[in-house]
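Colleague: kindly generate the corresponding structure for this input.
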Amino acid sequence: MAKQILSEQFLRMQKLAGIINESEYKQDLEETNVELDDQEQDVIDGLKSEMDGVLKGMEKELEKVSKTANESILTAASIALALPAIMGLISRLGKSAGTLVNKMLGKKPSNDSDYQKWMSKLGNIADQLHHLYVIPIEAIVKKFVKDPEKAHKVANGIFHVIVAVLFIASGVTAVKALQAKNVSLATLESALSAVKGGEIKTYISNLLS
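Modeller: Take a look at the predicted model:
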């Protein structure tokens with residue numbers, strides 16, 4: 001129950017800060033029923049400062065490049081130019097996440113039954129990250145991508161790249177066994193391929209086309 005209350009408080013703070021509107025608040029509140037065990041919660045708690053750093057760094061990098069970009073090409077230019085720095089932030093997050101997962105959940109099991117349980121925990125963690133951070137990411141992107149549909153696609157893509165980096169750092173190279181309510185397996189597979197192939201810039205840029 002305490003974890004549920006914390007999620008509600010976090011969403012309420014986002015609404016008061018203008019990050020989400022009333023309908024988004026109600027929708028996310030309905031989705032905060034992800035039950036985390038102590039191990040999963042420890043991973044989330046350990047990632048919060050790193051995730052906050054990624055959000056602040058992402059906004060800073062987008063602001064930096066937008067000052068020199070022509071307004072007519074701001075949508076594509078800001079994201080593309082800022083991506084290397086943003087990926088540096090996400091890469092550091094991935095290393096911390098991999099260490100946390102290995103410490104709290106243990107390394108990827110070789111036994112099939114244990115692997116299913118381990119992936120279920122990662123699915124819960126991914127869902128909780130979605131609850132906490134996908135809307136703040138979209139709020140940042142919307143400042144620089146004026147088309148709402150494209151902003152949503154880019155924010156969703158960036159979120160799935162973050163999850164992909166987290167998974168790869170934890171030893172996961174395929175996500176067919178993942179069960180998650182709010183993480184798209186198809187999008188996550190694409191993000192995994194982009195991360196492994198060093199094609200993040202192309203992956204995100206394609207979402208702007």
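
Colleague: and the residue positioned nearest the centre of the chain, what is it in contact with?
Modeller: By CA atoms, centre = their mean, the chain has its centre lying nearest to F159, at 3.0 Å. F159 makes contact with 129-130, 133-134, 137 under the criterion CB atoms under 8 Å, 6 or more residues apart in numbering. (C-beta placed from N, C-alpha, C; glycine too.)

Colleague: now do the buried residues in the helix or strand where it lies.
Modeller: Take DSSP states H and E as the rule and F159 turns out to sit in helix 148-169. Using 16 or more other CB atoms under 10 Å as the test for burial, helix 148-169 gives 150-169.

Colleague: report all helices and strands that the next helix-or-strand element following that helix contacts.
Modeller: Next in sequence after helix 148-169, counting helices and strands by DSSP H and E, comes helix 185-197. Under the contact criterion of 3 or more CB pairs under 8 Å, 6 or more residues apart in numbering; DSSP states H and E, helix 185-197 touches helix 148-169, helix 200-208.

Colleague: okay, those helices in TSV with distance to K121 and mean pLDDT next?
Modeller: Shown next, in TSV, are the helices and strands packed on helix 185-197 (distance: least, CB to CB, whole Å; pLDDT from 0 to 100):
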stretch	distance to K121	mean pLDDT
helix 148-169	12	91
helix 200-208	26	83
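
Colleague: in JSON lines: these, plus distance to G106.
Modeller: Listed next are the helices and strands packed on helix 185-197 as JSON lines, based on distance: least, CB to CB, whole Å:
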{"stretch": "helix 148-169", "distance to G106": "15"}
{"stretch": "helix 200-208", "distance to G106": "29"}
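
Colleague: of all those, which lies closest to E50?
Modeller: Closest to E50 of these, according to CB to CB: helix 148-169, at 10.1 Å.

Colleague: sec struct for S110, please.
Modeller: Using DSSP: H, G, I helix; E, B strand; the rest coil, the structure places S110 in coil.
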